[in-house]
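> Mind folding the following:
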Amino acid sequence: MNKTQISFALSQANLDAVKTAIKTLENNLPFLISLSKQERKELTKVGPKSVDFVQEAYNASLNFATILPPVFDKVEYGKDTALFKSLGEIKLLINSLNEKIDSTYMAVGAESMNASLTVYELVRSASKSTPGLKSVKDELSRRFKGQGKRASKKKPSDNEGTAA
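All right, here's what the predicted structure looks like:
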C-alpha cells in the first residue's frame, strides 16, 4: 500500500466552522471587489518595490503637504494607503493558508487516487468471477475512456502518482 501523508477526518462541525470563518472574513471586508480580465489589464501594476514606494510617497505627502494642490484628496489618499497596507498583511496570511490548503489537497488527492486505482484493479480482477461487479467495473472504467492505447499498455496502477 502507499505511504499516507495525510490522515484526518474533517467533521461536518469543523467544515461548518471553517465555512463560517470564511464568511466572517467576507463580512468584515465588505468592500472587496472582483475585477474582470480587462479591468486588471488596465490597472497600474503594483509589485513588491511599489509597496515601499507607496508608503514613502504617502510619508512625503504628510511631511510636505503644501506641495499638494487643493484638489488632491488627502483624506482619500490616506484611506487608500492605509487599506493597501492592511490588505497586504491579510494577503500574506491568506496566501500562506492557501499554499497549505493547495499542498494538502494535492497530497490527499494523490493518496485517494492511488487507493482508488488499487480498488479499481481489484474490482477489474474480481469482476470476472464475482456476480454484480461487472457494472461496477464498467462504471469505474469510464474514468479511463478515451485514453486509447496508453491505457491498454499501462495498467492504471502503473500510473500511481500521476494526476489526471
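> can you give me phi and psi for Asn27?
The phi/psi pair for Asn27 (degrees, to the nearest 10) reads phi -70, psi -30.
> Which neighbouring elements make contact with the lengthiest helix in the chain?
For the chain, the longest helix by residue count, based on DSSP state H, is helix 74-126. Applying 3 or more Cβ pairs under 8 Å, 6 or more residues apart in numbering; DSSP states H and E, one finds that helix 74-126 contacts helix 48-63, helix 133-141. Just so you know, the C-beta spots here come from the backbone N, C-alpha and C atoms, and that holds for glycine as well.
> Any chance of those in a markdown table with distance to Gly78, mean pLDDT and mean neighbour count as columns?
Below are the helices and strands packed on helix 74-126 laid out as a markdown table (distance: least, Cβ to Cβ, whole Å; pLDDT from 0 to 100; neighbours: other Cβ atoms under 10 Å):
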| stretch | distance to Gly78 | mean pLDDT | mean neighbour count |
| --- | --- | --- | --- |
| helix 48-63 | 7 | 94 | 12 |
| helix 133-141 | 61 | 93 | 14 |
